[in-house]
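Engineer: what shape does this take:
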Amino acid sequence: MRTASSKIPALLLACFWLLLSPVVGAQDIEPRRWTAMPIGMNVLGAGYAYTTGDIAFDPVLQIEDATLEMQTLIASYSHSFALFGRSARVDVLVPWQHGDWQGLLEGAPASTSRNGLDDPFLRMSVNLYGAPALDAAEFRKRAIEQSANTIVGAAVSFGMPLGDYLEDRLLNLGQNRFIIRPQIGVLHTRGKWSFELTGSTYFFTENDEFWDGNTLKQDPIHALQAHVVYVFRPRLWASLSVAHGWRGETTINGVPKDNDKADVLAALSVGFPIAQKQQIKLAFIRSETNRYTGADLDTIAVAWSMFF
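Structural biologist: Predicted structure coming up:
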């Protein structure tokens, strides 16, 4: 920590609330989430995201000109399988992050940084309607014969408290609590166009090892995201996405903090092949808060995946 002021806890506290916001809101905007895969397929992935933006704090904290710069590396693995005759998949995501926060605290420059493992996520999903369990040959045949299709899917993801966390720090990459996120989504494909809608809710267990022996609780966060996808040819596609996340007020030792989320996101994504079984995805995401406190963030991301 580097600062010209002795009142560092105020800056760290404000930064901590910021850290929670992008991780568990509608920030994980993801087109083609419900696209079916042949059973028995494995996907390895790696990605990088660079996020920067401005932070608005409660004026009582006397923090001005605050900025965030975050770099994220992600490793992922997916496997598709049959579940009661329907296509299903399991996804594992492990992120590593380095973040820098800077600002003026009572007019004096202050900054801090963190790097390490963020909380990994495990996601289980099943397509309830419109996507039977098919092997690769059956899947290709069905795709050729059926130009229009509707898929309804359900999923649940678990954020596991395995990221870097120390009780004596207000600012941590890990959250020291479980996050449970049920989802339901609809995908309609007609010709080269696809339309997706996903709704989800984040539920949080309490963190009873919050800074200085306090207990942190958080109300559920609700999120909606919608996508329009156009496929130019197999594995070459582009999408336009919007999302909204709201609610999620936190309390410390039973005292409400009046910090409900109200975030709006927009994204543009492009995917294209680089080899027979490899693909690159590029994305730009803009996130803005509709509250007087929060963050306006820009993210540029690139991801590589290999199918086998």
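Engineer: what about the protein, any weak spots by pLDDT?
Structural biologist: Scanning the chain for pLDDT under 70 picks out 1-27, 57-62, 292-293.
Engineer: going along the chain, name the helices of it.
Structural biologist: Using DSSP state H, the helices found in the chain span residues 8-24, 136-145.
Engineer: show me what residue 187 is bridged to.
Structural biologist: With DSSP bridges as the criterion, residue 187 is bridged to residue 151, residue 196.
Engineer: contact partners for it?
Structural biologist: Shown in contact with residue 187 (C-beta atoms under 8 Å, 6 or more residues apart in numbering): 34, 35, 130, 150, 151, 152, 153, 194, 195, 196. Backbone N, C-alpha and C define where each C-beta goes, glycine included.
Engineer: need those in JSON lines (columns: neighbour count).
Structural biologist: Output for those, formatted as JSON lines (neighbours: other C-beta atoms under 10 Å):
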{"residue": "34", "neighbour count": "25"}
{"residue": "35", "neighbour count": "16"}
{"residue": "130", "neighbour count": "19"}
{"residue": "150", "neighbour count": "13"}
{"residue": "151", "neighbour count": "20"}
{"residue": "152", "neighbour count": "15"}
{"residue": "153", "neighbour count": "26"}
{"residue": "194", "neighbour count": "22"}
{"residue": "195", "neighbour count": "14"}
{"residue": "196", "neighbour count": "24"}
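Engineer: dump those to a markdown table, plus distance to residue 263.
Structural biologist: Output for the contacts of residue 187, formatted as a markdown table (distance: C-beta to C-beta, whole Å):
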| residue | distance to residue 263 |
| --- | --- |
| 34 | 22 |
| 35 | 25 |
| 130 | 31 |
| 150 | 29 |
| 151 | 27 |
| 152 | 26 |
| 153 | 24 |
| 194 | 25 |
| 195 | 22 |
| 196 | 19 |
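Engineer: what ranges do the strands span in the stretch 151-300 of the chain?
Structural biologist: 179-190, 193-204, 207-210, 214-218, 221-233, 236-247, 250-252, 255-256, 261-275, 278-289, 294-307 (DSSP state E, counting those that start in this stretch).
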